[in-house]
Every structure is written in structure tokens, then in C-alpha cells.
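Visitor: Here you go, sequence then predicted model.
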Amino acid sequence: MAEENGQKPAIPPNQTLYIRNINEKVKPDELRKDLFLLFSTHGELLEINIKKSHKMRGQAFVVFKELSQAADAMHALQRFPFMGRELDIHFARTSSDILGKRRAEPKAPPREKAKKAERQEPVQPVVTNVLKVVDLPKEVTAGMLEELFKQYPGYNRGTLLAEKALAFIEYLNEEQATMALRGLKGFQLMPGRTLQVDYAPVELSLIHICRCRRLLTCRSRWSPYH
């Protein structure tokens, strides 16, 4: 019916988001890391696809593991200020190749899965100088987090994304971040709520955390240099 009226049919919701109106001056590698930082707060990412052709400049595709995560990200970040422009986000018309490959992979029988899990060695976390704090109670403020983390040597700065109950804490080196992680992991913030902290993904290097403070334009953020 939509096609008969000269309108394009609606695109069904899917795991792949099509993003437009991105600052074209940013290099693809830097853009991929910044998009990861922004969109990974909404769920597990499978792929970030940035075409290098002139026709596709200022555009990107972000693929989530779950449809609900993609829908949440599109709703939360629509018109979000990013690198001096407002993001224009839609569901992609075609799904990513990586999703087709995941569907095509044969599923192992339960017993085989269990045996494989037993053979696998535990995955060691990647140590970085940036810590990620998740599931923060709404009562927690930037000042409270700063007081907690700056008692450990090497504290540099922090960024609080209050709307996502998420924070990133940056130390000068990995050893200092590890010391703070060991000291504060499981710390009781308030009755029934403990601090959930771990190493941030390796993509979040020091320079990108610093840029995050400028790109995300968070209302709740702090730095010891303010």
C-alpha cells in the first residue's frame, strides 16, 4: 500500500543501525573507536562498519547482538550531539553480513558444548589504565566517585554518564588502575549496592577517554583540573 502511494515501505526493526550526519573530517579509525565508546553503553556490539568511499562519508553502520539493544540505542541517541553534529539514526535496510554468518554457524549439541567449555581456559581480562563502573545507583554523584577513586595514586580524571548509570575512571598507568580496582571492587556504596568496577575495553585508550568528555557533552562529568 505504501508503494502504491509513492512512499517507501517502512524498514522493519533489526540489529543494524544506519547512522548519518557524522562529522566527515574525522578519520575512520578514530571514528570507529568513538562510535564504540558511545554505542557500547547500550549493549554488545558485533561490528562497526565505516565505508571509506567519498559517497559514504559521514555515514556508518553499527551492529548490535540483540534487536532490543539496537532499538534502545536508536531511541536514546537520536539527534545526540556528536563531534559538533546531531546524529541521524535509522534501522538499516539490509542486515550486516556478520549476522548471516552467526545464523549459519551450526549449533553444537549440549554435551559437546559442555565438553568444549570444560576444555577452554578462563579468559584473562585485558588490563588498561581506564576503569569502567556500571550499574551505578542514581544517588551516586560525580563528587562521590571522585572522592572514592582519587584516594589511590595516579588518579587522572573521570567521566560520569549519569543517564546510563555508567562512569569511566582514568589513571596514569595500568598498575595504578589495577590497585584501585582491587581496592574498590565490591565496595559497598549503600545498603544492598556494591561498586561494580572492571577494566574498560582496550579500545578506550587515554586519548579517546579525553575526547569522550568533549564529544558526549555529558551534563554530569568531572575532572580534577576543573
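Guide: In hand now; what should we look at?

Visitor: make it CA atoms for all contacts and neighbour counts henceforth
Guide: OK.

Visitor: State the number of residues packed around the nearest residue to L77 once chain neighbours are set aside.
Guide: In space, L77 comes closest to L87 once its chain neighbours are excluded; the distance is 7.2 Å by Cα to Cα, 6 or more residues apart in numbering. Using other Cα atoms under 10 Å as the criterion, L87 is surrounded by 20 other residues.

Visitor: L87 reaches Q78, doesn't it?
Guide: Yes - contact criterion Cα atoms under 8 Å: L87 and Q78 qualify, at 6.0 Å.

Visitor: mind checking the SS state of the closest residue to L161 other than its chain neighbours?
Guide: In space, not counting the residues next to it along the chain, L161 is nearest to A167; the distance is 5.7 Å by Cα to Cα, 6+ apart. With DSSP: H, G, I helix; E, B strand; the rest coil as the basis, A167 sits in strand.

Visitor: For A167, give the beta-bridge partners.
Guide: With DSSP bridges applied, A167 shows beta-bridge pairing to V133, L160.

Visitor: Show residues contacting stretch 176-192.
Guide: Identification of contacts with stretch 176-192 by Cα atoms under 8 Å, 6 or more residues apart in numbering yields 127-131, 149, 152-155, 170-171, 194-199.

Visitor: Just the ones in helices from the residues you listed, please.
Guide: F149 (DSSP state H).

Visitor: For ChimeraX, write the selection for the buried entries among the contacts of stretch 176-192.
Guide: Selection of buried members from the contacts of stretch 176-192 for ChimeraX, criterion 16 or more other Cα atoms under 10 Å:
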select :127,128,129,130,131,149,152,154,155,170,171,194,195,196,197,198,199
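
Visitor: Tell me how far the residue nearest to L161 lies from L17.
Guide: A167 sits 24 Å away from L17, going by Cα to Cα, to the nearest Å.

Visitor: Could you do P201 as well?
Guide: From P201 to L17 the distance is 22 Å (Cα to Cα).

Visitor: Of these two, give the one with the bigger neighbour count.
Guide: For P201 versus L17, the count of surrounding residues by other Cα under 10 Å is larger for L17: 25 against 17.

Visitor: Now the element after the one helix or strand the more buried one maps to, going C-ward?
Guide: Element membership for L17, per DSSP states H and E: strand 16-20. Note on strand 16-20: by DSSP H and E, the next helix or strand toward the C-terminus is helix 28-39.

Visitor: Show me what the next helix or strand after that following helix is in contact with.
Guide: Per DSSP H and E, the first helix or strand lying C-terminal to helix 28-39 is strand 45-49. By Cα under 8 Å, 6+ apart, the residues outside strand 45-49 that reach it are 32, 35-36, 39, 60-65, 98.

Visitor: Just the buried subset of those residues, written out for ChimeraX, thanks.
Guide: The buried residues among these can be selected in ChimeraX (16+ other Cα under 10 Å) with this line:
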select :32,36,39,60,61,62,63,64
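
Visitor: export the contacts of strand 45-49 to TSV and tack on distance to G143?
Guide: TSV is the format used below for the contacts of strand 45-49 (distance: Cα to Cα, whole Å):
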residue	distance to G143
R32	31
L35	27
F36	26
F39	25
A60	36
F61	36
V62	33
V63	35
F64	33
K65	34
I98	42
